[in-house]
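> Attaching a predicted model along with its sequence, questions to come.
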Amino acid sequence: MLAADYPFLEILWTMFIFFLFVIWIWILITVAVDIFRRKDASGGKKALWIIFIIVAPYLGVLVYLITNHDGMADRNIQAAQKHQEQTDAYIRSVAGGSAAEIEKAKGLLDSGAITQEEYDAIKAKALAGS
């Protein structure tokens, strides 16, 4: 009985409207985050943009996207690069620790300060810790 009251095309239309609403919310949040991320704008300018977006949401977001699209892209690229650098630094710090221990132990083995068994034990311990 419910299917007869709500035809398939109306279901598709409702889904389309719902997804447009989700996209709209996503764009609104993205613009608000970008406004607060800006370092070139003063607090007053940021407040005016937020008020403009709240008072006239469609017009405010559209005007912001038109006037600041290049800045948004640059800030997103800078944020992605910063996150990538942090990830790379973390990976180097984790991976470099055991490699440095093995290299140091190899130097000690080559100089004759430790035996092959001691080197193997240090190597196994370093590899088990990573």
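Received, thanks. All values derive from a computational prediction rather than experimental measurement.
> Break down the protein into its strands, ranges please.
Applying DSSP state E to the chain gives no strands.
> remind me which residues of it are low pLDDT?
1-4, 95-97, 129-130 (pLDDT under 70).
> all helices for it, in order.
2-5, 8-37, 43-55, 57-111, 116-129 (DSSP state H).
> Taking their axis directions, the last one and helix 57-111 sit at what angle?
It stands for helix 116-129. Interaxial angle, helix 116-129 versus helix 57-111 (axes from the mean of the first three to the mean of the last three CA atoms, to 10 degrees): 170 degrees.
> And helix 116-129, what does it pack against?
Where contact means 3 or more CB pairs under 8 Å, 6 or more residues apart in numbering; DSSP states H and E, helix 116-129 is packed against helix 57-111. To be clear about C-beta, it is placed using only N, CA and C from the backbone, and glycine gets the same treatment.
> Can you tell me which helices and strands the helix it packs on packs against?
helix 8-37, helix 43-55, helix 116-129.
> wait, which of these is closest to residue 92?
The closest of those to residue 92 is helix 116-129. By CB to CB, the value is 15.8 Å.
> Show me the contact partners of the closest one.
Defining contact as CB atoms under 8 Å, 6 or more residues apart in numbering, one finds that helix 116-129 is touched by 97, 98, 101, 102, 105, 106, 108, 109, 114.
> tell me, how many neighbours does the second one end up with?
Counted with other CB atoms under 10 Å, residues neighbouring residue 98 total 16.
> likewise the fourth one?
Other residues within reach of residue 102, judged by other CB under 10 Å, total 18.
> Over to residue 10?
Residue 10: 10 neighbours (other CB under 10 Å).
> Only the buried residues of stretch 84-102, if you could.
98, 101, 102 (16 or more other CB atoms under 10 Å).
> Quick check: the gap between the residue of the chain positioned farthest from its centre and residue 119.
Relative to the centre of the chain, the most outlying C-alpha is that of residue 112, 48.4 Å out, by CA atoms, centre = their mean. As judged by CB to CB, to the nearest Å, residue 112 and residue 119 stand 11 Å apart.
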